[in-house]
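Participant: model the following, please.
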Amino acid sequence: MAEQDSEHSIHVVLLPNQSQGHIKPILTFGKRLAAHRGVRCTLVVTRFVLGQSGEPSPGAGGAVHIAAISDGCDRGGYGEAGGIEAYTARLESAGSETVGELLRSEAAEQGRPVRALVYDAFLPWAQQVGRRHDAACAAFFTQPCAVDVAYGHAWAGRLGEEEPLDLPGLRPADLPMFLTDPDDRGYLDLLVNQFGGLDTADQPQESDYMASTWRAKTVGPAVPSSAYLDNRTGEDEGMAGRSVVYASFGSIAKPDAAQMAEGLYNTGKAFPWVVRASESSKLPENFTDMAKERGLVVTWSPQLEVVAHPAVGCFVTHCGWNSTMEGLGAGVPCADGGDAAVVGPEHERQEKAKRAMSEGGSSDKNILEFLGKLGL
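Facilitator: Residues are numbered from 1 along each chain as shown. Next comes the predicted model:
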């Protein structure tokens, strides 16, 4: 125990919302924290998520340890609950109890209380759990600041349902779809309620307006630094540079599989296409055989490595924030399914992101300040 105490003076527990788009950035943040001597980080996932990925090897999270809690849906995850409202309620009920148990067990194992609980802003109930166990609490936002500002205004009641939406610097087309066309009230509630309790949080995370309103700090981009510091991963293995179209739509979006298959095939370009196992039955019959000379259909890929490959010239994506940042880091144009590619001032943004993450950059300084407030 004494050896553990000398090695880790600060223990930070990371609690993400249980989807890949939220787990990956908070894990990356945890790795940056754990790179500092004296910091131990534990990533918390549900038993279902852990079961889907298999038992973690000792180094599965890199420098970050992995622990499991219950979301009340241990056998089927989100699908077991039957809807966002039901799942959110189960997660809060079972999660509050099992996160508390985890904080107690981690404190007993390390010989001191967990110093901080960094929780996904989608899980505002976690703040009370952390406080009950003497942990400082910090909300972690995985979305871009502009989106957070829009949802923050909605939470504060500044966006009337009858009045035109008007936020300085944002066109109506730029606003999150859940604000302009809230087909599913459950998702809107989840997104807006993430601001609950931030006025009492110890160290919320995200920029100028957010900093002045929520005492926020920018710590991104929360993708592996290699995406920005060295975005080339070897030889092109025979493919011409910028000749390949890579298509992947995350874990939630469901584009029409038949139309996507037709579009990718008719490009005449080589393409790897990630199709979730649950969606593979919707592919046209014999499509994989028909397209095998140029196309590769898989259920999973190491996306960051693929996007950074010099042969990839276009990323067809649902434009989730993680995918957008990975494409930005690699300097690859992202097609969002419309007529335009996301290109514009990417190179300027790429350089800004690189500077932010580098030693002495804004994100690097904010992470050091965060650790300093915890006593490192």
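Participant: now the helices for the stretch 201-350 of the chain?
Facilitator: Ranges of helices within the stretch 201-350 of the chain are 208-214, 226-229, 257-266, 287-290, 303-307, 321-330, 346-357, based on DSSP state H, counting those that start in this stretch.
Participant: outline the domain layout of this structure.
Facilitator: In terms of domains, the chain is parsed into 2-223+356-373, 226-352 (source: automatic domain parsing).
Participant: and the helix ranked longest in the chain, what does it pack against?
Facilitator: For the chain, the helix with the greatest residue count under DSSP state H is helix 84-110. Contacts defined by 3 or more C-beta pairs under 8 Å, 6 or more residues apart in numbering; DSSP states H and E place helix 84-110 against strand 8-15, strand 38-46, strand 64-69, helix 78-81, helix 126-132, helix 185-192. Bear in mind the C-beta positions are built from the backbone N, C-alpha and C, glycine included.
Participant: mind telling me which of the helices of the stretch 201-350 of the chain the model trusts least?
Facilitator: Lowest mean pLDDT of those: helix 226-229, a mean of 48.
Participant: burial of Lys365, as a residue count?
Facilitator: 15 (other C-beta atoms under 10 Å).
Participant: that one sits in which helix or strand?
Facilitator: Per DSSP states H and E, Lys365 falls inside helix 362-373.
Participant: show me where pLDDT drops low in this structure?
Facilitator: Counting by pLDDT under 70, the ranges of the chain that qualify are 1-8, 53-62, 150-215, 223-238, 251-253, 336-350, 376.
Participant: so which bits of the longest helix of the chain are buried?
Facilitator: Within helix 84-110, the residues that count as buried by 16 or more other C-beta atoms under 10 Å are 84, 87-88, 90-92, 94-96, 98-100, 102-103, 106-107, 110.
Participant: next secondary structure after that helix?
Facilitator: Toward the C-terminus, helix 84-110 is succeeded by strand 116-120 as the next helix or strand (DSSP H and E).
Participant: pairing partners for that following strand, with directions?
Facilitator: Here strand 116-120 has these sheet partners by DSSP bridges: strand 8-15 (parallel), strand 136-140 (parallel).
Participant: just send those back as JSON lines, with distance to Ala308 too.
Facilitator: Listed next are the strands paired with strand 116-120 as JSON lines, based on distance: least, C-beta to C-beta, whole Å:
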{"stretch": "strand 8-15", "distance to Ala308": "25"}
{"stretch": "strand 136-140", "distance to Ala308": "25"}
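Participant: quick one: closest of those strands to Ala353.
Facilitator: Ala353 lies closest to strand 136-140 among the strands paired with strand 116-120, at 17.9 Å (C-beta to C-beta).
Participant: okay, the angle between that closest one and helix 362-373?
Facilitator: Here the directions of strand 136-140 and helix 362-373 differ by 160 degrees (axes from the mean of the first three to the mean of the last three C-alpha atoms, to 10 degrees).
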